[in-house]
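> The following block contains a protein sequence and its predicted model.
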2 protein chains.
Amino acid sequence: MRRWNGWGESAVTHQIPRSAYSRLAQWVGESSPTGDVTLESVIHHIPDSRLAHHPMITDDRETRVRHARGQSVPDWVALRSGRIGRVPDGVVFPTSENQVSEILRWALDNQVVLIPYGGGTSVVGHINVISDQPTVTVNLSKLNQLLDIDEVSHLASFGAGISGPELEIHLQTRGFTLGHLPQSFELSTLGGWIATRSTGQQSCRYGKIERLFAGCNMISPIGPLTIKHSPASAAGPDLRELVLGSEGRMGIITKATMRISRIPQSESYRAYFFPDFASGVSAVKEMVQERIPASMLRLSSSDETMTTLALAGMDLLVALLGKALNLFGISEGKCMLITGVAGTDKQTRQSNSSIWRLARKHGGMITGKYIGDQWYKTRFTTPYLRNHLWELGYVIDTLETATSWRKLTQLIPAIETAIHDSVRPTGERVHVFTHVSHVYQDGASIYTSILFRAKPDPDETLNLWRRIKTAASESISASNATISHQHGIGVDHAPYLLAEKGELGVSAIHAAAKLFDPRGIMNPGKLVTTEN
Amino acid sequence: MRRWNGWGESAVTHQIPRSAYSRLAQWVGESSPTGDVTLESVIHHIPDSRLAHHPMITDDRETRVRHARGQSVPDWVALRSGRIGRVPDGVVFPTSENQVSEILRWALDNQVVLIPYGGGTSVVGHINVISDQPTVTVNLSKLNQLLDIDEVSHLASFGAGISGPELEIHLQTRGFTLGHLPQSFELSTLGGWIATRSTGQQSCRYGKIERLFAGCNMISPIGPLTIKHSPASAAGPDLRELVLGSEGRMGIITKATMRISRIPQSESYRAYFFPDFASGVSAVKEMVQERIPASMLRLSSSDETMTTLALAGMDLLVALLGKALNLFGISEGKCMLITGVAGTDKQTRQSNSSIWRLARKHGGMITGKYIGDQWYKTRFTTPYLRNHLWELGYVIDTLETATSWRKLTQLIPAIETAIHDSVRPTGERVHVFTHVSHVYQDGASIYTSILFRAKPDPDETLNLWRRIKTAASESISASNATISHQHGIGVDHAPYLLAEKGELGVSAIHAAAKLFDPRGIMNPGKLVTTEN
């Protein structure tokens, strides 16, 4: 059973070691659990559905509560405190494109707002009910079939509601993989990845979802948009860009054709340590600009390096590692780089050897496979830590952007400083740590995690979060970096879209939304809003 | 001086050897020159400009003639026969973004149509005057500055009117390259590449222009659209897709920020021969799907292999080659693959070795560097052959598409057969040959050349061409392949856009054009028209 007010399966927990508790206190102070409300009490308090009966739509109260919120900090505060806000009036689980069309027609006729729902893992409010009109959430999890596979051309089509694990099982039993592994992989869906421009951990090899996405059906209020596959085309603007990042504003993605790859013969993950972040950045930059075929280059700041190792409970290892690295002049301020390579055995050997050469050139030391393998094993369990930390009275959140290599090394401290400054007036502290995880020839993504104490009053927790989020977003926006590299706009990033896209740019997205959804029933309040 | 009625610089010629004349006759019959009209006579016959005086706009008759037509077969027939059709009423050469804005305002006030003009190399009618309204061609060649270079992030910004050679000189003197080398490279411009979604010969390494294009200024009738650079972003639809392939319909691209690369330490070109086309396709497909880092994989059909070698006058070489390849069972029907690799010395060695391994696996034989180096030396001179062949009484044209690997091997003969069938009722013959030159994991481009006799009556020549073009386009469209991989839509491909993009897709492009250009002054009749 899925957790109704946190991450993942109820049966799965992932805890930090007892030894790390003191570190939390050291970073942001002692804390205590806030005490969560029960699902029953939330269910009891939600308003009745305003919908007339419809055979496909359920107005079951628990189902409605379970579709009301995603995974952002405001969502968690809402669910844990019981101040849940608006919930959908109904939820529908279409089993075919025809049913999706039918729901759209019905919604148009009845002025009902629709919210497309994939895995419910949005961290920026994509699936929240904003409008006060009657609202139905369209859960697409039953459109989860493998529809077609072309093993010659390395293409496969799926129902867009298919989850990461379902999709990979279909492909891997045939010797293929999509290779798209966001941290939300176990719950998130293909359609959600496309609608929010998701990025997977192995993006150096497979690219962002944009590169994997080769065609689709999207059913809009004015009819279906079918985008045919072509390996490349010069036939005018690429319509895939009306679907990528559309966040449910243009229609409901029902089917997607994806570029797939043969499962690589071998994969290998390694950890390197650099004496400081700047050397690590130089190394990673040179690796990608020299076109070393890595699948992943994930460089942690010294704060993140220390935090990761502490939370993983690798105390003994850290001590040993510290001694060993000291011999090479790598001590305080050391930064960890996890590298992934994939391909034929020969390709992975060659890639590892090129990576090692460039790491050495920039003062890096390899520490073998152990830490890399550990990272690989726990790569989807990290979000479960959020549950455990919340239960200890700590809130964790992440925010992300991308910028050019030239601006990167200034932007990271700018964001971190803005975050620290934002909470200073409250007397609270925030622990901040950052990594660079998606690298391009012209720049990289920045992924910053924040940890702070939950307050007994949920409004105070929310206020703390809002201070941090606003300060970080303003700092990103002021430096002309993108407000999101991989999470999308949703509600939380909407105020910053205008600065990023410009007035004409936002008008163009509005115009497309107006074309496909003239009556404004598709996920209003997300992406482009009446304010931006 | 630029040729006014053919390709390239007047001083440059590129001829086929006398020995190849008999092959032309053998392929399509003896022919004789059609006799071209003079520039003076064309100038004499064009109508007067309908514009009132404007200090920035020239109505010089020769300048207007020189901006009336591109490089398509209908363009050549028009220019060579003197039936030139509509010419612009004036030409303007803005020297700044402000001047572009000024011209746009003036055009709006005076209901004048504007046609953005880069290098004038369109082969599908992009720069032709379609509307009967007063028309001004906006020649952007004076916006040709390097505006900014970020050597850390591998980014450079240019005025969009900069030509290929100008751009590469700026970059190469600093150790960089854009790596975008379409066959039109010497004349075409950055803005033209972007507006038509151009592809360069080394696309395996550098990507289509889409991947290189990182930001821009586009001045539209309702104001400037500035797209900021980000290495990647999840902030809603990517606005670059409003500019890429916009073909002058949305506005005038004045500045573009491009992803650049360090000049590779080494490059190497080699030729392989395969016993038949299917083996060559299998080899190339496996090379790209195994992610061998080639810069170019260019596989010719057996007809093209034979044609290329014959037109290059390599008779002795061909005889020797024939004997050598015979020993390995490669004879009639042999197909040539030219490979390019680039990178560090070690990377090019490794890539060449991987390519050789996979070529051998599929029955291919390497023939060393000579043919590859020859191809490299003449890679921009091939279009000059068109001049020479025309002067001998032969018309040459090319058409192109892209499709999945699964469909590729059926689509090529389908196109070639449709072409042959189309001319049969006329009693004429057409020589057809094809290569695959831009390869992707999911498919490849198809590039088909046609050669036929010019007729004394230009209408008959045009009629022949139209039969061929229509048959090929219908065959491409019927198989759901893209109507263009690298030349764009313009006028000639516009009838096929609806089938490719669907009704909603075309509506979306119309809506964007309507937003940016509500009065319809930007390059009407191209891309989306009142008919599609």
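Alright, I've got the coordinates.

> so how far is stretch A:177-195 from its chain's centroid?
On the basis of Cα atoms, centre = their mean, to the nearest Å, the separation between the geometric centre of stretch A:177-195 and that of its chain is 9 Å.

> near chain B at all, that stretch?
No. Figure legend: stretch A:177-195 not in contact with chain B (Cβ under 8 Å from any Cβ of the partner chain); closest approach 10.2 Å. Just so you know, the C-beta spots here come from the backbone N, C-alpha and C atoms, and that holds for glycine as well.

> Quick one: the helices in the stretch 151-300 of chain A, in order.
A:164-172, A:190-196, A:203-206, A:209-212, A:240-243, A:277-289 (DSSP state H, counting those that start in this stretch).

> mind putting those in TSV, distance to A:L316 included?
Below are the helices of the stretch 151-300 of chain A laid out as TSV (distance: least, Cβ to Cβ, whole Å):
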stretch	distance to A:L316
helix A:164-172	33
helix A:190-196	38
helix A:203-206	32
helix A:209-212	39
helix A:240-243	49
helix A:277-289	24
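
> Indicate which one of the ones you listed is closest to B:L39.
helix A:240-243 (43.4 Å; Cβ to Cβ).

> re earlier: comparing the helices of the stretch 151-300 of chain A, which comes out most buried?
Of all the helices of the stretch 151-300 of chain A, helix A:190-196 carries the top mean neighbour count, a mean of 30, counting by mean count of other Cβ atoms under 10 Å in any protein chain shown.

> So which elements touch that one?
Contact partners of helix A:190-196 among helices and strands, from 3 or more Cβ pairs under 8 Å, 6 or more residues apart in numbering or on different chains; DSSP states H and E: strand A:252-259.

> quick one: is the strand it packs on near chain B?
Yes. Residues of strand A:252-259 are located near chain B by Cβ under 8 Å from any Cβ, namely A:R259.

> tell me how far that strand is from the chain's mean position?
19 Å.

> Run through the neighbouring helices and strands of it.
Packed against strand A:252-259, as judged by 3+ Cβ pairs under 8 Å, 6+ apart, are the following elements: helix A:97-110, strand A:113-117, strand A:155-159, helix A:190-196, helix A:209-212, strand A:213-220.

> Please identify the deepest-packed of these.
Across the helices and strands packed on strand A:252-259, the average number of neighbours (mean count of other Cβ under 10 Å) peaks for helix A:190-196, which reaches a mean of 30.

> Phi, psi for A:A11 please.
Note on A:A11: its backbone torsions stand at phi -70, psi -20 [degrees, to the nearest 10].

> what's the nearest residue to it if we skip its chain neighbours?
Distances taken as Cβ to Cβ, 6 or more residues apart in numbering or on different chains place A:M1 nearest to A:A11, at 7.7 Å, with adjacent residues excluded.

> residues in the stretch 51-200 of chain A within reach of chain B, list them.
A:D150, A:V152, A:S153, A:H154, A:L155, A:T196, A:R197, A:S198, A:T199.

> And the most centrally placed residue in chain A, which helix or strand is it part of?
The centroid of chain A falls nearest to A:H487 when counting by Cα atoms, centre = their mean (4.7 Å). Here A:H487 sits in a region with no helix or strand, counting by DSSP states H and E.

> and the residue of the stretch 1-150 of chain A found nearest chain B, how many residues sit next to it?
When scored by Cβ to the nearest Cβ, the stretch 1-150 of chain A has A:D150 as its residue closest to chain B, at 5.3 Å. The number of residues packed near A:D150 is 18, by other Cβ atoms under 10 Å in any protein chain shown.
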